[in-house]
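Novice: Got a predicted model here, sequence first, then my questions.
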Amino acid sequence: MKYLSWNEVKITDFSDEYVREMYEKGYVFTRLGRGIMQQTRSVRIDLNTFEPSSENRRILKRTDQISLKGYELPFKDYDFRVGKLAKDFYDSRFGAGIMSVQKIKEMMTDATRSNFNSLLAYVKDDRSSPLGYAICYTNKLIRHYSYPFYDATAAPKDMGLGMMIRAISVSKELGHRYFYIGSLQRPADTYKLQFSGLEWFDGGPAGTGGWRQDLDAVKKILASAKMTE
């Protein structure tokens, strides 16, 4: 699965403000190595204007047996079952080889090689271990919700969206300004357009640069991407 990238840089300043400035320019942290960021058609939610829609609230109700706990990375309770859960999830959704157990372990346990510093664990009432996780970058200003995965055999319907909406709501409560949810590059990414306060970065070779709120324009871009697949 090729990731849309217009430019790549390696940063050495990891201060909250500098990282925020890079995200403002359409760059996001990657799993490629410590400090490596890529500029993409990033998508974010302005939490000052976000309010859950009726559909968002319906999904939260459908997944109301799920609660969220936050942890700092490195994750002290990591074991191989977490990595296997992630690999199985990504294999089933995107194809074999997209994500390895070793890469998940690296992102969750090795701060010298990973850009990600926080973990969201999703706990189901009747389970002793979390049903799902999301690996994130978080500072006082922003959260990048980056690598979610869960046990699809035990998850309720709409688990993925339920995880995301809970994380958005918590970030708003914590006073974050923006919640980043990856990029827009494939037709399947249109599900990200359902949130109020949504903005997308138009900064590629043919782009005008900067953040836009015109959802019709990006829908046309994604439809065009479908035609070229």
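Specialist: Received, thanks. Numbers count the residues shown, from 1 in each chain.

Novice: Could you use CA atoms for every contact and neighbour count after this?
Specialist: Noted.

Novice: what's the next secondary structure element after the helix or strand that contains Cys136?
Specialist: Here Cys136 sits within strand 132-138, counting by DSSP states H and E. Taking DSSP H and E as the definition, the helix or strand that follows strand 132-138 towards the C-terminus is strand 142-150.

Novice: name the helices or strands packed onto that next one?
Specialist: Applying 3 or more CA pairs under 8 Å, 6 or more residues apart in numbering; DSSP states H and E, we find strand 142-150 packed against helix 80-94, strand 132-138, helix 159-174, strand 178-183.

Novice: could these be laid out in CSV, adding mean neighbour count, distance to Ala111 and mean pLDDT?
Specialist: Below are the helices and strands packed on strand 142-150 laid out as CSV (neighbours: other CA atoms under 10 Å; distance: least, CA to CA, whole Å; pLDDT from 0 to 100):
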stretch, mean neighbour count, distance to Ala111, mean pLDDT
helix 80-94, 17, 17, 94
strand 132-138, 23, 12, 98
helix 159-174, 18, 22, 97
strand 178-183, 22, 21, 97
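
Novice: TSV please, covering the ones you listed and showing distance to Ala152.
Specialist: TSV is the format used below for the helices and strands packed on strand 142-150 (distance: least, CA to CA, whole Å):
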stretch	distance to Ala152
helix 80-94	7
strand 132-138	9
helix 159-174	8
strand 178-183	20
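
Novice: And the ones you listed: which comes nearest Gly35?
Specialist: Taking CA to CA as the criterion, strand 132-138 is the member of the helices and strands packed on strand 142-150 that comes nearest to Gly35, at 12.0 Å.

Novice: chain center to that closest one, what's the gap?
Specialist: In terms of CA atoms, centre = their mean, to the nearest Å, the centre of strand 132-138 is set 7 Å apart from its chain centre.

Novice: could you pull out the strands for this structure?
Specialist: Along the chain, the segments classed as strands by DSSP state E run 7-10, 27-29, 36-39, 42-46, 66-72, 118-124, 132-138, 142-150, 178-183, 198-201, 211-212.

Novice: Is it possible to get a markdown table of those that adds distance to Asp189?
Specialist: As requested, the strands of the chain are arranged in a markdown table below (distance: least, CA to CA, whole Å):
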| stretch | distance to Asp189 |
| --- | --- |
| strand 7-10 | 21 |
| strand 27-29 | 17 |
| strand 36-39 | 17 |
| strand 42-46 | 10 |
| strand 66-72 | 24 |
| strand 118-124 | 22 |
| strand 132-138 | 18 |
| strand 142-150 | 14 |
| strand 178-183 | 8 |
| strand 198-201 | 12 |
| strand 211-212 | 16 |
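
Novice: Of all the helices and strands in the chain, which has the lowest average confidence?
Specialist: Taking mean pLDDT, DSSP states H and E as the measure, the helix or strand of the chain with the lowest value is helix 215-228, at a mean of 82.

Novice: Just give me how far it sits from the chain centre.
Specialist: Centre to centre, stretch against its chain (CA atoms, centre = their mean), the figure for helix 215-228 is 21 Å.

Novice: Double-check Ser100 against Lys87; I have them as touching.
Specialist: Yes: distance between Ser100 and Lys87: 5.6 Å, which falls inside the contact criterion (CA atoms under 8 Å).

Novice: okay, and for the chain, where does confidence drop off?
Specialist: Scanning the chain with the threshold set as pLDDT under 70 gives 1, 204-208, 226-229.
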